[in-house]
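>>> A structural model of the following input is requested.
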Amino acid sequence: MLLACDPSLLLCTDATLAKSRQMLEDADADAASSSHSTTPARSRALWEAQRIVDGALHPDTGEIIPRPFRMSGYVPYNGPICVAMIASTSTPSLLFWAWANQSHNALVNYYNRNASAPMSNETLLKSYSAAVGSAMVVALGLSTAVQRTYSPARAKQLMKYIAFPSAVVASSLNCYVVRSPEIATGIPLLDPRGLPIAMETNSIHTNTSNIAARKGVEATTFTRAILSAPVYFFPPLLLGLPRLQQLVAKHPAVRVPLTTFLVLVSFGVGLPATIAIFPQVAPIQPCEVEPKFRHLIDPATQKPYEVFYYNKGL
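Predicted coordinates for the structure are as follows:
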């Protein structure tokens, strides 16, 4: 996930992406015809091509994900917003940056979802409104409670701590609401070769599992909740170190750039670490899914499937 979230992937041009895609297609064709020869240099080039393609294209649709909403673009585009949220000391400022943060999060969740089932523009608009609206309610409710409970001076000090709980609740709700349509439609189960499970009927949703969809959405929601922890806790802890305290006391002007640097580093390390908690293509046992899948025969082995897989999204 460190490689997948590498911001340098944003520098890859469309021409580089097209070249990498063609390289992988040629490698597949060579493998199918048994005319390929693998060398360390070729293997390394293919892995890099795979990384470039995976970082820019959606695995289900093959469409190019806009740079701000790729995982490699999460830190460069969302990091400054997190810095602004932490620095907010007034309700209007906190609400604005909470809106910007959750709007960006909603689009990241949308572009990195399991897209095997289509989502209408109406559903997307409702999901976005519900996700961002809930974030604003949480931020407004907490900031209003602090300002009503404490004196103006004390409330200003406490406002910087409002960002974390509001971000945790809002990010979790955001992810769950935007991706909840997957639970209603279900997502395809995959065999050990990564191919959708074949069913005997022609019904559109026959090979989709609502249980797998729920597991995927819940796992992703959990990662979004704990993603905020390193961003809001590590910078204050590091700034509390004696040497950094002395540096800030001696040169007050470095506080803002130093805090910004620590927030971005914490975000840059915390993002791949939290996403890596659950694999993107996750296993699920036949006994855990709907009864219609439990006794299917794998055509390749002529035996019942021992495990299924599903794309949980990022």
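
>>> burial check on A29, number of neighbours?
11 (other Cβ atoms under 10 Å). In short, each C-beta sits where N, CA and C put it, glycine included.

>>> how far away is it from M23?
11 Å (Cβ to Cβ, to the nearest Å).

>>> domains of this structure?
By the assignment in automatic domain parsing, the chain contains the domains 7-56, 67-311.

>>> and M1, which of those is closest to it?
Nearest to M1 among these is domain 67-311 (3.6 Å), distances taken as Cβ to Cβ.

>>> how long is that closest one from one end to the other?
21 Å (Cα to Cα, to the nearest Å).

>>> dump the residue contacts of G216.
114, 182, 187, 282, 310-313 (Cβ atoms under 8 Å, 6 or more residues apart in numbering).

>>> next secondary structure after the helix or strand hosting it?
Assigned by DSSP states H and E, G216 falls within helix 210-239. Proceeding N to C from helix 210-239, the next assigned helix or strand is helix 242-250, under DSSP H and E.

>>> and that next one with helix 210-239, angle?
60 degrees (axes from the mean of the first three to the mean of the last three Cα atoms, to 10 degrees).

>>> helix 242-250: what's the following helix or strand?
helix 255-275.

>>> pLDDT of that next one, averaged?
Helix 255-275 carries an average pLDDT of 85.

>>> buried ones in the following helix or strand past it?
Using DSSP H and E, the helix or strand that directly follows helix 255-275 along the chain is strand 281-284. By neighbour count with 16 or more other Cβ atoms under 10 Å, strand 281-284 contains the buried residues 282, 284.

>>> then strand 281-284 to PDB, C-alphas only?
C-alpha atoms of strand 281-284 as PDB (Å, rounded to 0.1, in the frame of the first residue of the first chain):
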ATOM      1  CA  VAL A 281      -9.300  -8.500  -2.700                       C
ATOM      2  CA  ALA A 282     -10.500 -10.300   0.500                       C
ATOM      3  CA  PRO A 283     -11.300 -14.000   1.000                       C
ATOM      4  CA  ILE A 284     -14.600 -15.200   2.300                       C
END
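
>>> what packs against it?
helix 210-239, strand 308-311 (3 or more Cβ pairs under 8 Å, 6 or more residues apart in numbering; DSSP states H and E).

>>> show residues contacting the shortest one.
Contacts made with strand 308-311 from outside it, assessed by Cβ under 8 Å, 6+ apart, are listed as 59-60, 114, 116, 187-192, 194, 197, 209, 212-213, 215-216, 280-286, 289, 293.

>>> of these, grab the buried ones for ChimeraX.
To isolate the buried ones among these in ChimeraX, judged by 16+ other Cβ under 10 Å, type:
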select :59,114,116,187,188,189,190,191,197,209,212,213,215,216,280,282,284,286,289,293
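
>>> who touches V307 in this structure?
Applying Cβ under 8 Å, 6+ apart, the residues near V307 are 192, 283-286.

>>> against R148, how distant is it?
Counting by Cβ to Cβ - V307 and R148 are separated by 54 Å.
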